[in-house]
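J.: Give me the fold of what follows.
(chains A, B, C and D)
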4 protein chains.
Amino acid sequence: MLKVGVVGATGYAGEEVIKILVNHKDVSITELQAVIDKEEPFSSIFPAFKGKVDIMCKSPDPETMAKNCDLVFLGLPHKISMELVPVFLKAGKIVVDLSADYRLAPDVYKLWYGIEHKDKGNLPKAVYGLPEVYHDEIKKAKLIANPGCYPTSAILGIAPMLKEKAINTDYIVVDSKSGVTGAGRKPDLALSFSEVNENLKAYKVNEHQHKPEINKILSEVAGKSIEIVFTPHLIPMNRGILSTIYLKLNKPLDTKAVIEIYKKFYKGKPFVRISDEGKLPQIRDIVLTNYCDIGLKVTGDTLIVISCIDNLKKGAAGQAVQNMNIICGFNETEGLM
Amino acid sequence: MLKVGVVGATGYAGEEVIKILVNHKDVSITELQAVIDKEEPFSSIFPAFKGKVDIMCKSPDPETMAKNCDLVFLGLPHKISMELVPVFLKAGKIVVDLSADYRLAPDVYKLWYGIEHKDKGNLPKAVYGLPEVYHDEIKKAKLIANPGCYPTSAILGIAPMLKEKAINTDYIVVDSKSGVTGAGRKPDLALSFSEVNENLKAYKVNEHQHKPEINKILSEVAGKSIEIVFTPHLIPMNRGILSTIYLKLNKPLDTKAVIEIYKKFYKGKPFVRISDEGKLPQIRDIVLTNYCDIGLKVTGDTLIVISCIDNLKKGAAGQAVQNMNIICGFNETEGLM
Amino acid sequence: MLKVGVVGATGYAGEEVIKILVNHKDVSITELQAVIDKEEPFSSIFPAFKGKVDIMCKSPDPETMAKNCDLVFLGLPHKISMELVPVFLKAGKIVVDLSADYRLAPDVYKLWYGIEHKDKGNLPKAVYGLPEVYHDEIKKAKLIANPGCYPTSAILGIAPMLKEKAINTDYIVVDSKSGVTGAGRKPDLALSFSEVNENLKAYKVNEHQHKPEINKILSEVAGKSIEIVFTPHLIPMNRGILSTIYLKLNKPLDTKAVIEIYKKFYKGKPFVRISDEGKLPQIRDIVLTNYCDIGLKVTGDTLIVISCIDNLKKGAAGQAVQNMNIICGFNETEGLM
Amino acid sequence: MLKVGVVGATGYAGEEVIKILVNHKDVSITELQAVIDKEEPFSSIFPAFKGKVDIMCKSPDPETMAKNCDLVFLGLPHKISMELVPVFLKAGKIVVDLSADYRLAPDVYKLWYGIEHKDKGNLPKAVYGLPEVYHDEIKKAKLIANPGCYPTSAILGIAPMLKEKAINTDYIVVDSKSGVTGAGRKPDLALSFSEVNENLKAYKVNEHQHKPEINKILSEVAGKSIEIVFTPHLIPMNRGILSTIYLKLNKPLDTKAVIEIYKKFYKGKPFVRISDEGKLPQIRDIVLTNYCDIGLKVTGDTLIVISCIDNLKKGAAGQAVQNMNIICGFNETEGLM
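T.: Residues are numbered from 1 along each chain as shown, chains lettered A, B, ... in the order given. Next up is the predicted model:
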């Protein structure tokens, strides 16, 4: 049994990791930590876990965490992960970091997150944990930069066409709609029920910090520099991201041909499902699962891609566990079906 | 034109008062104040008011407020109103206080709100602003203690039967369900969308600070001490309170007879509507209006009362304006239809 | 492997049964039937089941169902189940009926459901499938009348006090709040999003067809005739029932003592959790689980009980599987944790 | 006082027209008709109108309607309006038709709505009721084809740039998000609360019947044929449309310059508000109002436009009344502020 710990256990992503691990046959949860007012059993904070996860949730203490675990999930706000990661790596532990701290080059990180990166030494060791693209690298990784939720839905929706060199790379439009848990668990007037319910807004239009992350990975896939147009929207629902992606074909392809390209690209990938022609995925098809469902429709020389994930599963905790499974040689879908 | 100001203009109740006053033919809004980061036009904070309320929203300054207004609405958290009220009263202004500060006797206030009342001198002058019960007193008032949202729905649902001495006064159960704006506009994890949506809970069971307020007024109506059982619940919707009230009849009455009692009690009251036999009100009937809709059903010796209001209208801002209308000799329904 | 079938596979309860069975180690799903426009793979109707439940969903055909299954779940509207049950029982199959058809005596059934019962012969064989009360009877049953959602939450919240003879049996008030899936999957204007969202209503006040079911079982538990007052409410959320129950103590008991009574009553019952003193359950604690969480608070001689279940799990499909587990000698919690 | 009637009074748009007319000083509602089970006072069907609109709601009868009214609003499904319009026009009445029946050329109508147009004689007389574009034509109209909700938000968001010839007309992407009332009031499983809530989907991708309407009007504005890419989405909220529009600039312009273009285009138009640089509108800014709020952001050579309306106000009933106001010489904003 792999001994696993979670720092940031009380955030949405941390809680979701724990929810998955409870039913994972190869691991045992040995240490939970979070910034909390008082240490108490995890099931006292979240009564839903009564009888299942009754171990103490303690204040952050990296040394104890390192001592008690083989692998650590970090469900922390960015800027904080990079202060803890060196401790765990030095102790020989595997780290799956759900924050943005190890996803970008240091100069881009500084530009978008506003501060100098504090762990440039370990940064090059980080592997971007998108198994459908970087499976081999993940297998050997000690440090996973677990992808952001928007990037997961966007990259999985675009990568096959880039690989196929079948689209105009100059004008890629990603219009994403996200549920509210994507913003994390925190007191924030803008996230309060009365402000979000019966409302809808675009925010950080083409300025969201996930944009450089998407650009970076798409550029790697394309083998050339890609710059997308990206508009995220906040939707009055708890979970889920649906990205509507507009691509310009650079050669004539019909919907059927495009579907074949995607099916080929995702062959053998257990968590990506391509919709049949004439059908499109919706949030209810993937909510509470680790699937990314992708629907495709060609109209003229435009390809419209609908890419759906649960932001807390494939967009965060589920993907994190998928990465752990790959690194540790477990069944890739263990705990996730 | 009556010159009117609002302190706490950016809270839900304050904003709602302003929304009503914009269409009120007898008043002009001359001063808006709130605890804000920087002073800017009210319509910059709330773009919905663009072209309608473009005057500055300033930081609280009671002297300026008193100088520029004839009547002041206070949409402030309790404990703060009582620090400002003396200034306005001393300057000869009329005050409609939407907080709980002037609704209870000082000893009860201390018990439920945890601190000594700071304006005991003016407390006896305050009139409880429930026009359907205290219309004559309101007419002559200088200081209105505007009722709480739960009390408005509960008292209007029970008062006719108490007046009629037709119910057992020993066991009155009020089971109330409220939308989220009832809790005010503030960053609070418990009020965040992801916590409230797809959830439902009872809270402060029989310990809510509105209970002594309901008890006090019902006791005045009954002419004897009344102690209710009160459970509030938080519902995933923005606006509205529906109280389901269980009363024991002390003499045989059918639904028709009970409806007559309520119709008689509310005769000439423009904002209370009694449902026909066999019909019951729901939130959509009264949302965004100043109505209290009451439905009645007798089953055996139990009377079930369904009392619905919009918590920000009849439960706060609408009732506050109704009180102003009565005090100032305007049409009681002006701005509210 | 037990061969299991579902009639009414496309309703909310049927779909939920299937969702549970997918992860149940002792059964295989061999036959799915529903009233549908055309027969197609279950995963074509519900893409979420792609790769998991790809067998055909066929039109109802009891003989084929009986031939292919050892046990049949009926997720049908009432009045229809009783036409199919005789076929399955005659063929020696076990039936778990999620409708109301076998829950009431024939005269009461006729009174509340408006038609003569069509299978009076099998009616006496039906066991009310509430394992916390009728575990021994369920073990030997061939036909389970699976409890309604409201009755499950109400009975589990009241039974311990009746058993203890600690409450006044003359005045039991059950104020229940339900999510919308409780009404089933069907086109109905009253259940449309625009009518339910931002709304709240009481309905069938003290006239809901679940009332006689609650009365019947509580009377059996109490050993005397019980008649409750029952008001159901429709809440704008998908899943969950929270019942707020008002009981009059007939002897002095504090909250701690009451908690002991409930803990004793539910000792060894894996799906009922009693909240610690000072804590109360909410929907988020039990949603998507088979738990019934019960919170208790004594105030004067009134006991307020908060009883929460997921209406599709413990209130329908989860309880149905729990009953199957007991009948078939599986682990009672198999597939449900 | 203009005598006004509504056919389809019980639909969302019809109800909204009535809600507006109640507060309109120049009209009186003299006739209400709808397909209903039994004729009863409008306020019995919608208790919210008690004491305000108590006249009978009757079954459709064009002759009576024509006799009792000077102007008729038709809030009917498409295909039905065109059967009634000739009666009203022949009787010399003014008609504001909220359906799609008079918005398209007959061949395009047939292509998208599947049947031959039944009133080709009157079709050329219809004026597209978008006052910000066709004000002069509306003034003289007898028959208004009131615009669809999506088209209103899309056209108002794009027209200024087309007029200015400042964008590439080959690739216009409109990604629209709509609340559920946009689909009308009807029993429909796909619109039921449990299906829509906590869900999100694209539908009729680039095949929505509002696409040819948008194309037609944009082509008229541009003076050349325009073909957009259009994806509508269903959002779990009652009201509001937010369209995110992606345009390619054909000459270098910054956000400030673009804002000037829009301000110039909408100068003197009371219901279009252009957001200041750096600000973007959201649904809460315009819900329950007749405003269209437009936010603009240039990034590289891409212009992102956020266009928000309330689908039942500016997207239907509000715009219909605005058209009436213009035709009848009332103040354009009467009843709408």
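J.: Any stretches of the stretch 51-200 of chain A with poor pLDDT?
T.: For the stretch 51-200 of chain A, applying pLDDT under 70 flags no range at all.
J.: Can you show me the helices along it?
T.: A:62-68, A:81-90, A:106-113, A:131-139, A:149-163, A:193-196 (DSSP state H, counting those that start in this stretch).
J.: Nearest approach to chain D belongs to which of these?
T.: helix A:193-196 (7.5 Å; Cβ to the nearest Cβ). C-betas here are computed from N, CA, C, even on glycine.
J.: Can the helix or strand following the closest one be said to contact chain D?
T.: Downstream of helix A:193-196, the next assigned helix or strand under DSSP states H and E is strand A:201-202. Yes: contact of strand A:201-202 with chain D (Cβ under 8 Å from any Cβ of the partner chain) involves A:201-202.
J.: Flag every buried residue along the very next helix or strand once past strand A:201-202.
T.: Using DSSP H and E, the helix or strand that follows strand A:201-202 in sequence is helix A:210-222. Across helix A:210-222, burial judged by 16 or more other Cβ atoms under 10 Å in any protein chain shown covers A:210-218, A:220-222.
J.: could you give the angle of helix A:210-222 to helix A:149-163?
T.: Angle, helix A:210-222 to helix A:149-163, by axes from the mean of the first three to the mean of the last three Cα atoms, to 10 degrees: 30 degrees.
J.: do whichever helix or strand comes after helix A:210-222 and chain B meet?
T.: Counting by DSSP H and E, the next helix or strand C-terminal to helix A:210-222 is strand A:229-234. No: using Cβ under 8 Å from any Cβ, strand A:229-234 stays clear of chain B, coming no nearer than 9.1 Å.
J.: and what of stretch A:38-53?
T.: No: counting by Cβ under 8 Å from any Cβ, chain B has no neighbours in stretch A:38-53; the shortest distance is 11.4 Å.
J.: who's in contact with the residue lying closest to A:E39 once chain neighbours are set aside?
T.: Spatially, and ignoring its direct neighbours in sequence, A:E39 is nearest to A:K58 (5.0 Å; Cβ to Cβ, 6 or more residues apart in numbering or on different chains). If you count contacts by Cβ atoms under 8 Å, 6 or more residues apart in numbering or on different chains, A:K58 has them with A:31-34, A:39, A:64.
J.: In strands only, show me those residues.
T.: A:31-33 (DSSP state E).
J.: As JSON lines, the residues you listed with pLDDT and neighbour count would be great.
T.: What follows is the ones in strands among the contacts of A:K58, written out as JSON lines (pLDDT from 0 to 100; neighbours: other Cβ atoms under 10 Å in any protein chain shown):
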{"residue": "A:E31", "pLDDT": "97", "neighbour count": "22"}
{"residue": "A:L32", "pLDDT": "98", "neighbour count": "25"}
{"residue": "A:Q33", "pLDDT": "97", "neighbour count": "26"}
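J.: and the residue nearest to A:E39, what are its bridge partners?
T.: Beta-bridge partners recorded for A:K58 (DSSP bridges): A:Q33.
J.: For it, give its distance to chain C.
T.: Distance, A:K58 to chain C, using Cβ to the nearest Cβ, to the nearest Å: 21 Å.
J.: where does that residue sit relative to A:K38, distance-wise?
T.: Using Cβ to Cβ, to the nearest Å, A:K58 is found at 10 Å from A:K38.
J.: same check, this time on A:I155
T.: 41 Å.
J.: Neighbour count for these two, which is higher?
T.: Shown here are A:I155 and A:K38; by other Cβ atoms under 10 Å in any protein chain shown, A:I155 has more neighbours (27 against 8).
J.: Find the nearest non-adjacent residue to the more buried one, please.
T.: When the adjacent residues along the chain are set aside, A:I155 lies closest to A:I217, with 5.2 Å between them (Cβ to Cβ, 6+ apart).
J.: related to what we said a few turns ago, pipe the contacts of A:K58 into a markdown table and attach distance to B:I235 per row.
T.: Listed next are the contacts of A:K58 as a markdown table, based on distance: Cβ to Cβ, whole Å:
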| residue | distance to B:I235 |
| --- | --- |
| A:E31 | 38 |
| A:L32 | 32 |
| A:Q33 | 35 |
| A:A34 | 29 |
| A:E39 | 33 |
| A:T64 | 42 |
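J.: Tell me the one of those residues nearest D:R284?
T.: Lowest distance from D:R284 to those (Cβ to Cβ) belongs to A:A34, with 32.9 Å.
J.: Look up how far A:K93 lies from the residue nearest to A:E39.
T.: In this structure, A:K58 and A:K93 are 17 Å apart, going by Cβ to Cβ.
J.: what do you get for A:V258?
T.: A:V258 is 43 Å from A:K93, by Cβ to Cβ.
J.: Likewise for A:A9?
T.: Counting by Cβ to Cβ, the gap from A:A9 to A:K93 is 17 Å.
J.: Same question for A:P212.
T.: In this view, A:P212 and A:K93 are 28 Å apart by Cβ to Cβ.
J.: same thing with A:V221?
T.: Look at A:V221 and A:K93: by Cβ to Cβ, they are 30 Å apart.
J.: Can you tell me the SS state at the closest residue to A:D254 other than its chain neighbours?
T.: Leaving aside its sequence neighbours, A:D254 sits nearest to A:V298 (Cβ to Cβ, 6+ apart; 5.6 Å). With DSSP: H, G, I helix; E, B strand; the rest coil as the basis, A:V298 sits in strand.
J.: With A:V6 instead?
T.: Relying on three-state DSSP, one would call A:V6 strand.
J.: That one and A:L76 touch, don't they?
T.: No: checked against Cβ atoms under 8 Å, the pair A:V6 and A:L76 is beyond contact range at 10.0 Å.
J.: In contact with A:T244, which residues?
T.: Contacts for A:T244 (Cβ under 8 Å, 6+ apart) come out as A:174-177, A:304-306, D:175, D:202, D:231, D:233.
J.: looking at this, it is in a helix?
T.: No: under three-state DSSP, A:T244 falls outside any helix and is assigned strand.
J.: For the closest residue to it other than its chain neighbours, name its beta-bridge partners.
T.: Among residues not flanking A:T244 along the chain, A:D175 sits closest, at 4.7 Å (Cβ to Cβ, 6+ apart). Taking DSSP bridges as the rule, A:D175 bridges to A:T231, A:T244.
J.: and A:D175, how far is that from D:A202?
T.: 10 Å.
J.: Also A:V127?
T.: On the measure of Cβ to Cβ, A:V127 and D:A202 end up 33 Å apart.
J.: and those two? which has more neighbours close in?
T.: D:A202 (24 against 20).
J.: Report the separation between the nearest residue to A:E137 once chain neighbours are set aside and A:D70.
T.: Leaving aside its chain neighbours, A:E137 sits nearest to A:V127 (4.6 Å; criterion: Cβ to Cβ, 6+ apart). Between A:V127 and A:D70 the computed distance is 18 Å (Cβ to Cβ).
J.: Please state the mean pLDDT value computed over stretch A:253-260.
T.: Across stretch A:253-260, the average pLDDT comes to 98.
J.: now it, how far from the centre of its chain.
T.: 27 Å (Cα atoms, centre = their mean, to the nearest Å).
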